[in-house]
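Trainee: Sequence below, structure please.
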Amino acid sequence: MAKIRIEVCMISARGLRRSSPLWKHQWFVVGWVDPNSKYCSKVDSSGSSNPTWNTKFSTSIDDTKVNPQELVLTIEVHSREPVFLREKLHGTATVAMKEFLGKFADSRSGTEEVGSFQLRKKKSGKPRGFVDVSVRVSEGTDGVTGHSGSHEEFGHWDSRSDISLAIDDEPLVHYPSLPRRSSGGGGGGG
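Mentor: Here you go, the predicted model:
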């Protein structure tokens, strides 16, 4: 096959922990197929237990170098306290890509599917709500990109430089604030 392009849209979450009217949690999502190239959404500061991000990212894989049957999409939903900015991992969804890649292999045309996946607490596996994700698989090109649903600046999380967040309409900032940016990490605006 050679290059396959995987496009992911981290749409929203449902059924997350409710916050008090005085202490509204802010939510963001981090997603990846390749653990060395993680993508982060903007923060949803509405305080809702059903945050919306519409953050997109894409990556290309070479199926001659990677076993497509072992590819996994990982989505983590994090909460952040609005005052002290402490962040916590709320839940993780792990999505096997073999079903999506199998449908693409059968049709050889771009296929897109939307699904809801159970978020689970890291150690106990206890259900923590759902995350809604769109996955599109098509003929690939080189490179990786990411952007929010409004085609504004995107957040790219490189494991060597911690996490970058785009907050509301402000410029992309590191969270927690770091003095350096990843120099080798790919990503372009969309």
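Trainee: C-alpha from now on. contacts and neighbour counts both.
Mentor: Will do.
Trainee: so how far is C40 from L85?
Mentor: 16 Å (Cα to Cα, to the nearest Å).
Trainee: Looking only at neighbour counts, state which of those two leads.
Mentor: C40 (30 against 13; other Cα atoms under 10 Å).
Trainee: For F57, see how far away that one is.
Mentor: In this view, C40 and F57 are 9 Å apart by Cα to Cα.
Trainee: How about V8?
Mentor: 5 Å.
Trainee: For these two, indicate the residue with more neighbours.
Mentor: F57 (28 against 25).
Trainee: Report the contact partners of the residue nearest to the spatial centre of the chain.
Mentor: Ranked by distance to the mean C-alpha position of the chain (Cα atoms, centre = their mean), the top residue is G31 at 2.5 Å. The contact partners of G31, taken as Cα atoms under 8 Å, 6 or more residues apart in numbering, are 10, 38-40, 73-76.
Trainee: now that we have those, which one has the most neighbours?
Mentor: That'd be C40 among the contacts of G31, by other Cα under 10 Å, with 30 neighbours.
Trainee: now that one, nearest residue through space, not along the chain?
Mentor: Excluding the flanking residues, the one nearest C40 by Cα to Cα, 6 or more residues apart in numbering is V30, at 4.4 Å.
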